[in-house]
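Asks: take this sequence and fold it.
(one chain, ligands or ions: 2)
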Amino acid sequence: MTRTPVNVTVTGAAGQIGYALLFRIASGQLLGADVPVKLRLLEITPALKAAEGTAMELDDCAFPLLQGIDITDDPNVAFDGTNVALLVGARPRTKGMERGDLLSANGGIFKPQGKAINDNAADDIKVLVVGNPANTNALIAQAAAPDVPAERFTAMTRLDHNRALTQLAKKTGSTVADIQRLTIWGNHSATQYPDIFHATVAGKNAAETVNDEKWLAEDFIPTVAKRGAAIIEARGASSAASAANAAIDHVYTWVNGTADGDWTSMGIPSDGSYGVPEGLISSFPVTTKDGQYEIVQGLDINEFSRARIDASVKELEEEREAVRGLGLI
Ligand SMILES: NC(=O)c1ccc[n+]([C@@H]2O[C@H](COP(=O)([O-])OP(=O)(O)OC[C@H]3O[C@@H](n4cnc5c(N)ncnc54)[C@H](O)[C@@H]3O)[C@@H](O)[C@H]2O)c1
Ligand SMILES: O=C(O)C[C@H](O)C(=O)O
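Replies: Ligands and ions are numbered 1, 2, ... in the order given. Reported below is the predicted structural model:
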């Protein structure tokens with residue numbers, strides 16, 4: 001039976017992440033190896049020609065699942081009938097900046113895009129915000145889309161999750177496949193909290209296996225939280241292939257489900273769980289099934305974790321106040 005193609009919109013399609021992302025979407029890695037896709041590429045006018053070049057290369061791959069590519073600088077066209085929207089297009093930070101420094105530069109992009117999603121997208125729209133500061137940009141887009149269920153707007157902390165998996169695997173001499181139930185809490189920023197207290201390595205509690213609070217506080221957490229800056233320092237440009245990979249992972253897991261007994265991390269609107277004020281888009285441990293996610297409930301949060309979750313949530317509240325002040329929500 002022929003399946004109806006899923007419309008996938010990628011903003012910032014001519015950028016670094018766009019280039020690493022589009023070919024993987026078209027090859028079936030975003031939604032599944034049997035799901036045909038139509039791509040919509042949104043760019044600013046001066047970058048349309050570059051986006052056309054990428055589309056030519058997509059054509060030249062002859063991907064069996066790719067059933068069309070539209071390129072536009074009009075958000076209303078880009079989000080028309082869209083089922084999955086990847087909001088990547090935004091200015092990346094450069095050396096010495098924090099992601100929050102991008103609030104006013106990038107915040108203005110997400111309000112009109114949120115409105116265009118509200119007015120044009122398909123009823124089952126799922127949105128992933130990658131452009132930084134991702135959590136608060138997701139909040140801005142969501143606020144501009146009152147007709148779309150709030151929980152469809154998510155922000156990417158899967159890159160942080162993947163970074164934490166690898167650091168923990170290295171420390172414990174295991175592989176990432178041995179690790180389950182790791183959590184990123186809070187903001188995709190230097191205040192984020194990668195939590196290993198509920199994680200397992202080969203079935204054993206990760207924090208007990210590591211048994212080294214100094215490493216946790218002084219090595220693991222800062223390495224994960226500041227990895228984006230370390231990549232910028234090393235590459236002279238922000239992460240691109242690993243960010244695209246995380247975007248693929250985020251949507252694939254949202255649509256296709258988490259493995260039994262495991263969970264993942266997603267930036268999602270808080271329902272008040274774990275003391276995170278309702279409505280803030282904060283990272284939580286989530287399970288997914290049938291295209292829906294649920295926050296993992298009932299985890300014991302120790303003092304070490306509580307202080308760090310609270311600090312990141314405080315930053316999210318400050319960002320929310322800042323964008324309120326800018327009239328973006
Ligand atoms: N959440 C994460 O984990 C994560 C990881 C890596 C990068 N990022 C962020 O992703 C964003 C993109 O990074 P990049 O390296 O691809 O940047 P880039 O500069 O290479 O590309 C950005 C693209 O967005 C386009 N763009 C700008 N305004 C737009 C608009 N209004 N509509 C559509 N397109 C628009 C630009 O023309 C450019 O082609 C940055 O904000 C970066 O900080 C987030
Ligand atoms: O750090 C950045 O500015 C880019 C991205 O958010 C990352 O985490 O690599």
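
Asks: drop to CA atoms for contacts and neighbour counts, all remaining ones
Replies: Will do.

Asks: for residue 43, which residues are in contact?
Replies: 11, 12, 13, 14, 51, 71, 72, 73, 89 (CA atoms under 8 Å, 6 or more residues apart in numbering).

Asks: among the residues you listed, which are located in helices?
Replies: Judged by DSSP state H, those include residue 51 as members of helices.

Asks: most neighbours among the contacts of residue 43, which one is it?
Replies: residue 13 (30 neighbours; other CA atoms under 10 Å).

Asks: can I assume that one is in contact with residue 39?
Replies: No: look at residue 13 against residue 39 with CA atoms under 8 Å: they stay out of range, at 10.2 Å.

Asks: a markdown table for the contacts of residue 43, including distance to residue 275?
Replies: Formatted as a markdown table, the contacts of residue 43 follow (distance: CA to CA, whole Å):
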| residue | distance to residue 275 |
| --- | --- |
| 11 | 33 |
| 12 | 35 |
| 13 | 37 |
| 14 | 39 |
| 51 | 43 |
| 71 | 43 |
| 72 | 42 |
| 73 | 40 |
| 89 | 32 |
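
Asks: contact partners of the helix ranked longest in the chain?
Replies: Ranked by residue count and defined by DSSP H, the top helix of the chain is helix 303-325. With CA under 8 Å, 6+ apart as the test, helix 303-325 has contacts from 100, 103-104, 107, 135-136, 140, 185-187, 191-193, 195, 276, 280-282, 329.

Asks: as a check, name the ranges of all helices in the stretch 201-329 of the chain.
Replies: With DSSP state H, counting those that start in this stretch as the criterion, the stretch 201-329 of the chain has helices at 206-210, 213-215, 221-225, 227-235, 241-256, 303-325.

Asks: which bits of the stretch 1-150 of the chain sit near ligand 1?
Replies: Residues of the stretch 1-150 of the chain that fall close to ligand 1, judged by CA under 6 Å from any ligand atom: 11-12, 14-18, 42-44, 47, 88-93, 109, 130-132, 134.

Asks: can you select the buried ones from those residues in PyMOL?
Replies: Remark: buried members of those, expressed as a PyMOL selection using 16 or more other CA atoms under 10 Å:
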select buried, resi 11+12+14+15+16+17+18+42+43+44+88+89+90+92+93+109+130+131+132+134
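
Asks: out of the residues of the stretch 1-150 of the chain next to ligand 1, which touch ligand 2?
Replies: 92, 93.
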